[in-house]
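[1] I would like to see how this sequence folds:
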Amino acid sequence: MEQIARTGVLTAGTSKDAFPYAYKNKQGDLVGYSIDMMQRISQELALELGRPVRLKLKALDTDERIPMLASSKVSLVCDASSFTWERDRKVDFSVSYGITGTQLLVPSDSSLSSPESLLGKRVGVLPRTTSEIAIRKHQPEAIMVLMEDRDSGYQALRAGEIDAFADDGVLLYSWLARQPKPALFKVAADAYSKEDIACMLPQDDSAFQRIVDIALIRYMQGFLDRQTKETAIFDQWFGPNSAAPLTVDLRELSIETMQLMVDLKEEAPATGKASQ
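    Take a look at the predicted model:
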């Protein structure tokens with residue numbers, strides 16, 4: 001909080017390939033649902049501090065996120081991150097603002113889906129992600145192939161170098177929907193985890209975490225109240241006419257998660273400082 005108050009800048013890390021949460025568009029700009037959440041957080045900081053706050057984004061690889069937070073090179077990370085106890089040793093987490101889970105992307109004629117079917121199969125994963133943890137947990141005898149980034153995973157699957165690529169289901173469905181020949185691949189039915197998406201923050205900074213949480217709660221509260229601005233943000237990324245429409249079940253689960261977060265934290269004040 002002191003650094004942001006002094007500089008007027010919130011330096012935040014995010015992903016460059018986690019469509020629709022955080023990615024680089026054709027113009028090279030970082031955009032997405034999680035970017036919109038960080039814009040809301042910077043606005044809440046400005047309200048609290050009584051001065052403009054500019055959001056400065058840094059594109060990070062998945063294994064850079066926690067080291068960059070720990071070294072104070074970024075003050076916040078919002079992409080498609082989810083809670084694990086191991087991560088919680090090093091960083092703190094905001095309230096959840098999304099829901100996802102690990103699934104498999106496979107060729108359309110593949111029978112791979114269940115943990116049993118992955119015995120001895122080559123599964124591409126991003127290192128030190130919850131997807132890697134989930135696959136290792138459910139099928140320790142799968143052959144784990146570590147990918148440099150998501151694009152490498154998709155390319156390896158196309159080339160037949162891996163039998164499946166494991167990642168957040170929402171991201172896999174989103175990728176598939178944007179392909180010129182989506183019938184070549186499918187997202188397998190089995191889910192290996194259900195995970196809440198949240199922002200990661202430096203440890204033991206309660207004043208900063210309060211602002212982050214109240215910005216996210218204020219957004220979710222507005223969406224649940226069917227406010228135009230908040231509904232438009234959600235529908236831009238996940239609505240029926242978006243590039244990544246949610247299934248009915250996942251949309252309902254997302255709304256249930258928002259309601260749970262608002263109920264647990266209490267409704268945010270409509271206006272005024274977050275500390276009031």
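[2] which outside residues touch the lengthiest strand in the chain?
    What stands out as the longest strand in the chain, according to DSSP state E, is strand 92-100. For strand 92-100, the surrounding residues in contact (C-beta atoms under 8 Å, 6 or more residues apart in numbering) are 21, 33, 37, 78, 80, 82-83, 87, 168-171, 194-205, 209, 212-213, 216-217, 219-220, 250, 253-254, 257-258, 261, 264-265. In short, each C-beta sits where N, CA and C put it, glycine included.
[3] give me the subset of these lying in helices.
    33, 37, 87, 169-171, 209, 212-213, 216-217, 219-220, 250, 253-254, 257-258, 261, 264-265 (DSSP state H).
[4] quick one: buried ones out of those?
    33, 37, 87, 169-171, 209, 212-213, 216-217, 219-220, 250, 253-254, 257-258, 261 (16 or more other C-beta atoms under 10 Å).
[5] show me the shaky parts of the stretch 1-150 of the chain.
    Of all residues in the stretch 1-150 of the chain, none has pLDDT under 70.
[6] got the residue ranges for the strands in it?
    Assigned by DSSP state E, counting those that start in this stretch, the strands in the stretch 1-150 of the chain fall at 9-14, 17-18, 22-24, 30-31, 54-59, 76-77, 92-100, 102-107, 122-125, 143-146.
[7] what separates residue 68 from residue 238, distance-wise?
    Residue 68 sits 27 Å away from residue 238, going by C-beta to C-beta, to the nearest Å.
[8] could you do residue 213 as well?
    22 Å.
[9] same thing with residue 15?
    On the measure of C-beta to C-beta, residue 15 and residue 238 end up 17 Å apart.
[10] those two: which has the busier surroundings?
    Under the neighbour definition other C-beta atoms under 10 Å, residue 15 and residue 238 were set side by side, and residue 15 has more, 27 against 20.
[11] phi and psi next, for the nearest residue to that one once chain neighbours are set aside.
    Closest residue to residue 15 apart from its sequence neighbours, by C-beta to C-beta, 6 or more residues apart in numbering: residue 79 at 3.8 Å. With angles defined as degrees, to the nearest 10, residue 79 sits at phi -150, psi -100.
[12] just give the number of residues close to residue 79.
    27.
[13] so what's it up against?
    13, 14, 15, 18, 21, 22, 34, 60, 65.
[14] can you rerun that using 7 Å?
    Neighbouring residues of residue 79 by C-beta atoms under 7 Å, 6 or more residues apart in numbering: 14, 15, 18, 21, 22, 34.
[15] try residue 17
    23, 149, 150, 151.
[16] return a PyMOL selection command for the buried portion of the contacts of residue 79.
    Applying 16+ other C-beta under 10 Å to these, the buried members can be selected in PyMOL as follows:
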select buried, resi 14+15+18+21+22+34
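[17] residue 261 against residue 220, yeah?
    Yes. Counting by C-beta atoms under 7 Å, residue 261 touches residue 220, with 5.9 Å between them.
[18] taking the centroid of this structure, which residue is nearest it?
    Geometric centre of the chain, nearest residue: residue 80, 1.4 Å, by C-alpha atoms, centre = their mean.
[19] so how far is residue 100 from it?
    On the measure of C-beta to C-beta, residue 80 and residue 100 end up 7 Å apart.
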